[in-house]
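A.B. asks: Output the structure for:
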Amino acid sequence: MSEIITVVAPVNIAVIKYWGKRDEELILPTNDSVSATLDTGVMCAKTSVTARPDFSEDKIWLNGIKESFSNKRLQNCLREIKIRAAQEKSVGEEFLYWKVHICSENNFPTAAGLASSAAGYACLVSALAKLYKLKSDVSSIARLGSGSACRSVYGGFVRWHAGVKPDGSDSVATQVADNSHWPEMHALILVVGESKKKMSSTKGMNITKETSDLLKYRAEQVVPQRTEEICKAIKEKHFAKFAEITMKDSNQFHAVCMDSYPPFVYLTSVSYTIIDLIHNYNDLYREIKVAYTFDAGPNACLYLLKKDVPELLSVINHIFPSSSTAFVRGIETNVKPINADIVSKLTIEPQAKDLIKYVIHTKVGEGPTEVTDGSHLLNDNGSPKCLNII
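C.D. replies: Numbers count the residues shown, from 1 in each chain. Have a look, this model is predicted:
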């Protein structure tokens, strides 16, 4: 019988955005992207996998609900893992024919613009790689599940190389710097909404690629230089440069969505208020202390240094009052009372209550790690320990 392997894998939030594919089947991007991997102790996907000779079919459960295994991206990942295992001769030949059971869950909202698919597929592929005892890099396999998943295979700051080869063999992720390089870098995720977004990333990318002239200009003229500059800023721990590029790239990504035909938007009025607030706050100090970035959803990820977290949280509490007793989650923080001088200088008025549901305080963290305490999602029979019956 096969063992049960359980892995936790991180969310990554891009600072140079991936948007648009040059190959839909292989999930090859039109441009390089760069991201920060966030701490699995705060946000993560968790996946348990096992393979047995007595399993009659491949099965998968997501967040306690059985899903169809017919998902093509899922099948592609499993197929490539088995091909790699056969090439490496890492397991016996008979093992390659056993069916697998997979159980996965996220501890954060799914399909709400919080990079759930990146964490999920990085987790799945990393768990399967351990089950099949692979030794080689698996970022290119994670890419087949969700493009940005290849970045979640590594901790710290990660660059996904678009590559030029038609087979995608050079479209892989590499680490710019590990999570110990810039420990002062923290992140605040402002959760505006948890509902599933109206326009999926896949559909949005297809519309953009077919109709946006700005996307082509971005990929060819803008992103190559930005990518080199932000990697340099990360290596030199130059926060102001890192932050400026991050915000400009987020803005351009959402401009590309508006340049699509028909246009579509992921940001809401609350998102735009957050953008205004961050620029206002930076202007008060006459330096860039905080950067915002928005993926394909309304939720903001704010990058800032650890020393500035308490004060910014006090500002967010003031502008976005909450009735929640657990407004700030994740890394424990002593929120300072807001400075009266800052209040007097802010041009953004306090908003209605509960426009931001909660804030997740996290930091740059490690890549996927195996869980060794026995807290598997599958029981000894290969069935989920918890099921949601609907």
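A.B. asks: Return the set of buried residues in the lengthiest helix in the chain.
C.D. replies: Longest among the helix segments of the chain by residue count, using DSSP state H, is helix 239-259. With burial defined by 16 or more other CB atoms under 10 Å, the residues of helix 239-259 counted as buried are 239, 241-247, 249-250, 252-254, 256-257, 259. From N, CA and C alone the C-beta is placed, and that goes for glycine too.
A.B. asks: Report the rounded mean pLDDT for it.
C.D. replies: Taken as a whole, helix 239-259 has a mean pLDDT of 98.
A.B. asks: which strands and helices sit next to it?
C.D. replies: When contacts are defined as 3 or more CB pairs under 8 Å, 6 or more residues apart in numbering; DSSP states H and E, helix 239-259 packs onto strand 12-16, helix 201-211, helix 213-217, helix 223-236, strand 290-294, strand 300-305.
A.B. asks: now for the ones you listed, which one comes closest to F157?
C.D. replies: With CB to CB as the criterion, F157 lies closest to helix 223-236 of the helices and strands packed on helix 239-259, at 4.9 Å.
A.B. asks: Would you indicate which residues of that closest one are buried?
C.D. replies: Quick answer for helix 223-236 (16+ other CB under 10 Å): 223, 226-227, 229-231, 233-234.
A.B. asks: surely E366 meets G155?
C.D. replies: Yes. E366 lies in contact with G155 (CB atoms under 8 Å); the separation is 3.8 Å.
A.B. asks: and for these two, which residues touch both?
C.D. replies: Contact criterion CB atoms under 8 Å, 6 or more residues apart in numbering; residues shared by E366 and G155: 10, 37, 179.
A.B. asks: Of these, which belong to strands?
C.D. replies: Members of the shared contacts of E366 and G155 lying in strands (criterion: DSSP state E): 10, 37.
A.B. asks: now stretch 16-33: mean pLDDT?
C.D. replies: Throughout stretch 16-33, pLDDT has a mean value of 95.
A.B. asks: Then stretch 74-91?
C.D. replies: Summarised as a single mean, pLDDT over stretch 74-91 is 97.
A.B. asks: re earlier: top of the shared contacts of E366 and G155 by neighbour count?
C.D. replies: Counting neighbours by other CB atoms under 10 Å, P10 leads the shared contacts of E366 and G155 with 33 neighbours.
A.B. asks: among the helices and strands packed on helix 239-259, which is nearest L346?
C.D. replies: strand 290-294 (13.5 Å).
A.B. asks: Run the angle between that closest one and strand 12-16 for me.
C.D. replies: Between the axes of strand 290-294 and strand 12-16, defined by axes from the mean of the first three to the mean of the last three CA atoms, to 10 degrees, the angle is 100 degrees.
A.B. asks: helices or strands next to strand 290-294 in the packing?
C.D. replies: Applying 3+ CB pairs under 8 Å, 6+ apart, one finds that strand 290-294 makes contact with strand 12-16, helix 239-259, helix 269-285, strand 300-305.
A.B. asks: and of the ones you listed, who's closest to I338?
C.D. replies: helix 269-285 (11.7 Å).
A.B. asks: Which elements pack onto the closest one?
C.D. replies: Helix 269-285 packs on strand 290-294, strand 300-305, helix 309-319, going by 3+ CB pairs under 8 Å, 6+ apart.
A.B. asks: Residues contacting the longest one, please?
C.D. replies: Among residues not part of helix 309-319, those counted as contacts by CB under 8 Å, 6+ apart are 186, 188, 190, 273, 277, 281, 289-290, 302, 304, 327-328, 333-339, 342-343, 346, 348-351, 356, 359, 361.
A.B. asks: now do 7 Å
C.D. replies: 186, 188, 277, 281, 290, 304, 328, 333-338, 342-343, 348, 350-351, 359, 361 (CB atoms under 7 Å, 6 or more residues apart in numbering).
A.B. asks: Beyond it, next helix or strand please.
C.D. replies: strand 328-330 (DSSP states H and E).
A.B. asks: Please state the offset of that next one from the chain centre?
C.D. replies: Taking CA atoms, centre = their mean, to the nearest Å, one finds strand 328-330 lying 18 Å from the centre of the chain it belongs to.
A.B. asks: Quick one: name whatever helix or strand follows it.
C.D. replies: Trace forward from strand 328-330 with DSSP H and E and the next one is helix 340-345.
A.B. asks: Residues contacting that next one, please?
C.D. replies: Outside helix 340-345, the residues within contact range by CB under 7 Å, 6+ apart are 284, 315, 318.
A.B. asks: want to throw the residues you listed into CSV with neighbour count and pLDDT?
C.D. replies: Listed next are the contacts of helix 340-345 as CSV, based on neighbours: other CB atoms under 10 Å; pLDDT from 0 to 100:
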residue, neighbour count, pLDDT
L284, 15, 96
V315, 23, 97
H318, 18, 95
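A.B. asks: what's the closest of these to S48?
C.D. replies: V315 (40.8 Å).
A.B. asks: Any idea how many residues pack against the residue nearest to T208 when sequence neighbours are not counted?
C.D. replies: Distances taken as CB to CB, 6 or more residues apart in numbering put S260 closest to T208, at 4.5 Å, once the chain neighbours are dropped. As a burial measure, S260 scores 20 neighbours (other CB under 10 Å).
A.B. asks: ditto for R159
C.D. replies: With other CB under 10 Å as criterion, R159 counts 21.
A.B. asks: Against I65, how distant is it?
C.D. replies: From R159 over to I65 the distance is 35 Å, taken as CB to CB, to the nearest Å.
A.B. asks: thinking again about what came up before, so among the contacts of helix 309-319, which ones count as buried?
C.D. replies: Here, 16+ other CB under 10 Å leaves 186, 188, 277, 281, 290, 304, 328, 335, 338, 348, 351, 359, 361 buried among those.
A.B. asks: So among these, where is pLDDT lowest?
C.D. replies: V335 (81).
A.B. asks: Out of the contacts of helix 340-345, which comes closest to S136?
C.D. replies: Out of the contacts of helix 340-345, the member with the shortest distance to S136 (by CB to CB) is V315, at 46.4 Å.
A.B. asks: What separation is there between the closest one and T6?
C.D. replies: For V315, the distance to T6 equals 39 Å [CB to CB].
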